[in-house]
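J.: Provided below for reference: sequence and predicted model.
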Amino acid sequence: MGMFGQFWSGVLKPIHQLLAKGGSNCLACGKTISICVPGYSELCLPCYSSIPWITEPRCHICGRHVGCPDCSRKGGVPRSFVMNRSSVAYNSTMRQWLAQYKYRGHEGYSLVLARMMGRAMEQMKQELKPQGIKLDGVVFVPLSEERWRERGFNQAEELAKGAALAGRRAGGRLPLLNLLMRSRHTDKQSFKSRSERLINMQGVFQTLPDATEQLGRVILGTRRTGLDHEAVIRLLLVDDVYTTGSTINACAAVLQNICGQLGFSGEIYSLTWARS
Ligand SMILES: [Zn+2]
Ligand SMILES: [Zn+2]
């Protein structure tokens, strides 16, 4: 191939890559995929284009994309997390996608959602970088044993894997830690008022027996250089949807306790797939 040929192969390659292998159907709408979206080969272009990414949150505490009265409200339960960021707005399409995955066990969504989480993680890293903030590990909101048996997987854990991978530091991935347990399943929260939801969450989350040991090992591993003597552990907490923040807040309080047991103060950052 001469120089001219090489030139054209270089130009044509990306265009060629955009054309999907014939016959694959879109995960979301089922139609044949004619144009392949880089990194999202499971989706057709219209479905990919319908993803309501949150690129600039309006509320810098809870990451909401629209005006937020909750975070400026005084009183109530103190906030145990620094901030929340979410990948997408929880609209009706995203609600359908999550339902397909979570309740119908449609596994095809697993990687798509994890990649969307990865994107949010990259965005969060960019936001934290100027402040010199580095995360020590990723944790996730646990399911109750009852729900685990029903579903066979924890969607928050799967999403956390996506975040941990994108949150890699020094070549590896951010450690994924399993620190929490859920003693009971909470009732449908959607019909409750904000204060009812907050009360409903009390005592739901607990520390797993080996949580301190797990976290201690990670901290020893990453800070053995002796350069990093900061007495703060920074954890990223992952869940599928942030609604009132009551679940995140309850988990964050328990995580702070675990950090405290190791003699550190805990800073908990939250990342969810969607923000309602
Ligand atoms: Zn589609
Ligand atoms: Zn807010």
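T.: Good, I have the coordinates. Quick caveat: nothing in here was measured; it's all calculated off a predicted structure. Ligands and ions are numbered 1, 2, ... in the order given.

J.: how about the strands in this protein?
T.: Shown for the chain, the strands assigned by DSSP state E span residues 83-89, 137-140, 180-182, 205-207, 232-242, 265-275.

J.: hey, which of those strands is tucked in deepest?
T.: Among the strands of the chain, strand 137-140 has the highest mean neighbour count (mean count of other Cβ atoms under 10 Å), at a mean of 26. Bear in mind the C-beta positions are built from the backbone N, C-alpha and C, glycine included.

J.: Check which helices and strands it sits against.
T.: helix 155-166, strand 232-242 (3 or more Cβ pairs under 8 Å, 6 or more residues apart in numbering; DSSP states H and E).

J.: now these as JSON lines including distance to Phe264 and mean pLDDT?
T.: Listed next are the helices and strands packed on strand 137-140 as JSON lines, based on distance: least, Cβ to Cβ, whole Å; pLDDT from 0 to 100:
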{"stretch": "helix 155-166", "distance to Phe264": "20", "mean pLDDT": "95"}
{"stretch": "strand 232-242", "distance to Phe264": "4", "mean pLDDT": "96"}
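
J.: can these go into a markdown table with extra columns for distance to Asn84?
T.: Putting the helices and strands packed on strand 137-140 into a markdown table (distance: least, Cβ to Cβ, whole Å) gives the following:
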| stretch | distance to Asn84 |
| --- | --- |
| helix 155-166 | 13 |
| strand 232-242 | 5 |
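
J.: Can I get these in a markdown table including distance to ligand 2?
T.: Converted to a markdown table, those look like this (distance: least, Cβ to the ion, whole Å):
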| stretch | distance to ligand 2 |
| --- | --- |
| helix 155-166 | 21 |
| strand 232-242 | 10 |
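
J.: which one of the ones you listed lies closest to Glu196?
T.: When those are compared by Cβ to Cβ, strand 232-242 sits nearest Glu196, at 17.5 Å.

J.: The closest one pairs with which strands, parallel or anti?
T.: Note on strand 232-242: by DSSP bridges, its sheet partners are strand 137-140 (parallel), strand 265-275 (parallel).

J.: Format the ones you listed as TSV; extra columns: mean pLDDT.
T.: Listed next are the strands paired with strand 232-242 as TSV, based on pLDDT from 0 to 100:
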stretch	mean pLDDT
strand 137-140	96
strand 265-275	97
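
J.: between those, which gets nearest to Ile33?
T.: With respect to Ile33, and counting by Cβ to Cβ, the nearest of those is strand 265-275 at 22.7 Å.
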